[in-house]
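Engineer: how would this look folded up:
(chains A and B)
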Number of protein chains: 2
Amino acid sequence: MVRDLARHPEICSINTATLGFQAPIDEVIEAVARAGFGMISPWRRDTKDLDVSAVARQIRDAGLKLSGYCRSPYIPAATVAQYRANIAANKQAIDDAAVLGAPVFVMVVGSLPEGSKDIEDARRQVREACGELMEHGRKAGVKIGLEPLHPVYAADRSCLTLLSEALDWCEMIEGKTDEPQVGTIIDCYHVWWDPNIRRDIARAGREKRIFGFHVCDWLVPTTDVLNDRGMMGDGIIDIRGLRTALEEAGHTGAVEVEIFSAQNWWRRPMAETLQACRERFSTAT
Amino acid sequence: MVRDLARHPEICSINTATLGFQAPIDEVIEAVARAGFGMISPWRRDTKDLDVSAVARQIRDAGLKLSGYCRSPYIPAATVAQYRANIAANKQAIDDAAVLGAPVFVMVVGSLPEGSKDIEDARRQVREACGELMEHGRKAGVKIGLEPLHPVYAADRSCLTLLSEALDWCEMIEGKTDEPQVGTIIDCYHVWWDPNIRRDIARAGREKRIFGFHVCDWLVPTTDVLNDRGMMGDGIIDIRGLRTALEEAGHTGAVEVEIFSAQNWWRRPMAETLQACRERFSTAT
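Structural biologist: Residues are numbered from 1 along each chain as shown, chains lettered A, B, ... in the order given. Next up, the predicted model:
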């Protein structure tokens, strides 16, 4: 039995990317709270040039909790100086996540630096960096969530693609532990096609490494693999099936909607998109 | 040590899709032979409405061999009648492959039928059909090559995505055997990102199930995931590394270039594209 999301708005989270960054974060916070959701997941661009503690207060005052903070600057680099700069930028973002009260910092890890064809080297760089970021996060009280991305982004956005791979990395970075500091963010859009996904969700649950669950849908046809993602129910992903697998694996946390949709949802008023999210959480998630 | 392709044009194959189907097959055959290649891999659309045995004769007379015949009609269907029709169309194509003298029939298996979200059912349909097609191919003298496609095509073109999955299916369909009738087609474009690809290429070699090797490149950025594939060397795939892994795993067959490039190579004269292929086989493959 999966949880009835219509009765549990407190675990329904709106990732601010869903609203297309068309308004300042204070207006987004108000809109999300007014629409009846209990959680929000902001991006770094939402807080850029703002006093992060003021944003944290706005979120608290609106009665919202955070399900995460998105997302890491990319890690792999062609030079040591750039690699160190990327780590420093990630530490700053983790500090901001702590101020915001986000339980987890969502990492989209990056991939091949300019001119490189060595994806294994990019993977090594990410794992090495994550060891350092894990320690930084531990002190700050923020967990590290590795998000495997769909392989269509493997060249330029994420050398990490499979959930099994993400779980292997967690263990390489942190070892086996009952209280993991490093875990995974599981996004339907990125993993629905994986023939081993149910096996790997079960493993993620056993290893207590489900740190986030994102939903949206895969449209057929997809006109733009980056910014043509669908509202739950408009595509071909068996989202309810995947959510059932996650909850059977022990996931009790948020269900977070994150939709990149430049030609459709981002062009609509925020209230309309939030209303659609609310309905589809019940009917198609 | 990989084979020196500049000295071995007899194993360099041109998949006719590379030339954009801009000329009738007899002209394509002549152009490929004139450019000095030893092999060709035609598509069903090349032979549509033609006397297949006449095409077979043209290929032989030009001094060319076939590395494969592309590609299967999709298998999964919403109705039993359509499923049977799809199998029948595949049998016809296998018969044509036999007339042409193709050693292997390349299968792009299809995925979700209209209205379905059940990718596991699509996978079951394909495996079941392949049992029947394997027997048909055995009688005709044509092997079955299952081509895992990049997961970006998982919704509409191929429910089969990972090489490990393809090898698992081969065993489910045929069992373990020293003389496999069902094997895999390994295309750089589809599998380069897979963190387990080297492990799985080694397995494919041990199991004697490398039935084809396709090359092209992944461009950054990719403007169209279907028809914006790159000439070898123009993208970020470590093609030489993958070819080395295949040859170390025992692959002694063709290296076949297959490039879907609507905005670039398909707009150029065939001779120019073939000349580029020739050069890049030496320098970037």
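
Engineer: who are the packing partners of the helix or strand where A:F213 lies?
Structural biologist: Taking DSSP states H and E as the definition, A:F213 sits inside strand A:210-215. With contacts taken as 3 or more C-beta pairs under 8 Å, 6 or more residues apart in numbering or on different chains; DSSP states H and E, strand A:210-215 sits against strand A:104-107, strand A:143-146, strand A:182-187, helix A:188-191, helix A:239-248, strand A:255-257. In short, each C-beta sits where N, CA and C put it, glycine included.

Engineer: run through who's touching the last one.
Structural biologist: By that I understand strand A:255-257. The contact list for strand A:255-257, computed with C-beta atoms under 8 Å, 6 or more residues apart in numbering or on different chains, reads A:5, A:11-15, A:18, A:39, A:41, A:67-68, A:212-216, A:232, A:243, A:277, A:280-281, A:285.

Engineer: now the second one
Structural biologist: Outside strand A:143-146, the residues that touch it by C-beta under 8 Å, 6+ apart are A:68, A:103-107, A:109, A:130, A:133-134, A:137, A:160, A:166, A:169-170, A:180-185, A:211-212.

Engineer: after that strand, which helix or strand is next?
Structural biologist: Note on strand A:143-146: by DSSP H and E, the next helix or strand toward the C-terminus is helix A:163-174.

Engineer: same check on the shortest one?
Structural biologist: Going down the chain from strand A:255-257, the next helix or strand is helix A:270-283, by DSSP H and E.

Engineer: avg pLDDT for that following helix?
Structural biologist: Mean pLDDT, helix A:270-283: 98.

Engineer: I'd like to know which of the helices and strands packed on strand A:210-215 lies nearest to B:G141.
Structural biologist: With C-beta to C-beta as the criterion, B:G141 lies closest to helix A:188-191 of these, at 40.4 Å.

Engineer: check which helices and strands the closest one sits against.
Structural biologist: With contacts taken as 3+ C-beta pairs under 8 Å, 6+ apart, helix A:188-191 sits against strand A:210-215, helix A:239-248.

Engineer: in stretch A:9-17, what's buried?
Structural biologist: A:11-17 (16 or more other C-beta atoms under 10 Å in any protein chain shown).

Engineer: do the same with stretch A:33-43
Structural biologist: Within stretch A:33-43, the residues scored as buried using 16+ other C-beta under 10 Å are A:33, A:35, A:37-43.

Engineer: from those residues, which ones fall inside strands?
Structural biologist: A:39-41 (DSSP state E).

Engineer: show me which of those is closest to chain B.
Structural biologist: Chain B lies nearest to A:S41 out of those, by C-beta to the nearest C-beta, at 24.9 Å.

Engineer: thinking again about what came up before, please convert the ones in strands among the buried residues of stretch A:33-43 to JSON lines, extending it with distance to A:V225 and pLDDT.
Structural biologist: Converted to JSON lines, those look like this (distance: C-beta to C-beta, whole Å; pLDDT from 0 to 100):
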{"residue": "A:M39", "distance to A:V225": "27", "pLDDT": "98"}
{"residue": "A:I40", "distance to A:V225": "26", "pLDDT": "98"}
{"residue": "A:S41", "distance to A:V225": "22", "pLDDT": "98"}
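
Engineer: ok so, going back, farthest-separated two in the buried residues of stretch A:9-17?
Structural biologist: Pairwise distances across the buried residues of stretch A:9-17 peak at 18.9 Å for A:I11 and A:A17 (criterion: C-beta to C-beta).

Engineer: what about chain B: which of the buried residues of stretch A:33-43 touch it?
Structural biologist: Contacts with chain B within those, counted by C-beta under 8 Å from any C-beta of the partner chain: none were found.

Engineer: which residues of the stretch 51-200 of chain A lie near chain B?
Structural biologist: Residues of the stretch 51-200 of chain A lying near chain B (C-beta under 8 Å from any C-beta): A:112, A:116-119, A:123, A:150-152, A:154-156, A:161-162, A:165, A:192-195.

Engineer: which members of those residues are classed as buried?
Structural biologist: Using 16+ other C-beta under 10 Å as the burial test, those include A:112, A:117-119, A:123, A:150-152, A:154-156, A:161-162, A:165, A:192-195 as buried.

Engineer: so what's A:T16 closest to, chain neighbours aside?
Structural biologist: A:P42 (5.0 Å; C-beta to C-beta, 6 or more residues apart in numbering or on different chains).

Engineer: what residue lies at the spatial centre of chain A?
Structural biologist: In chain A, the centroid-proximal residue (C-alpha atoms, centre = their mean) is A:V106; its distance is 5.1 Å.

Engineer: who's in contact with that one?
Structural biologist: By C-beta under 8 Å, 6+ apart, the residues touching A:V106 are A:41, A:68-72, A:145, A:147, A:185, A:212.

Engineer: swap the cut-off to 7 Å and go again
Structural biologist: By C-beta atoms under 7 Å, 6 or more residues apart in numbering or on different chains, the contact list for A:V106 reads A:68-71, A:145, A:147, A:185, A:212.

Engineer: got a pLDDT number for the residue lying closest to A:G110 once chain neighbours are set aside?
Structural biologist: In space, and not counting its chain neighbours, A:G110 is closest to A:Y74: 2.6 Å by C-beta to C-beta, 6+ apart. pLDDT for A:Y74: 98.

Engineer: pLDDT (mean, whole number) over stretch A:134-141?
Structural biologist: Averaging pLDDT along stretch A:134-141 gives 98.

Engineer: export it to CSV, keeping only CA atoms.
Structural biologist: Only the C-alpha atoms of stretch A:134-141 are listed here, as CSV (Å, rounded to 0.1, in the frame of the first residue of the first chain):
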residue,chain,number,x,y,z
MET,A,134,31.0,14.3,2.9
GLU,A,135,33.2,15.5,5.7
HIS,A,136,32.2,19.1,5.1
GLY,A,137,28.5,18.1,5.1
ARG,A,138,28.9,16.1,8.3
LYS,A,139,30.1,19.1,10.2
ALA,A,140,27.4,21.3,8.7
GLY,A,141,24.6,18.8,9.3
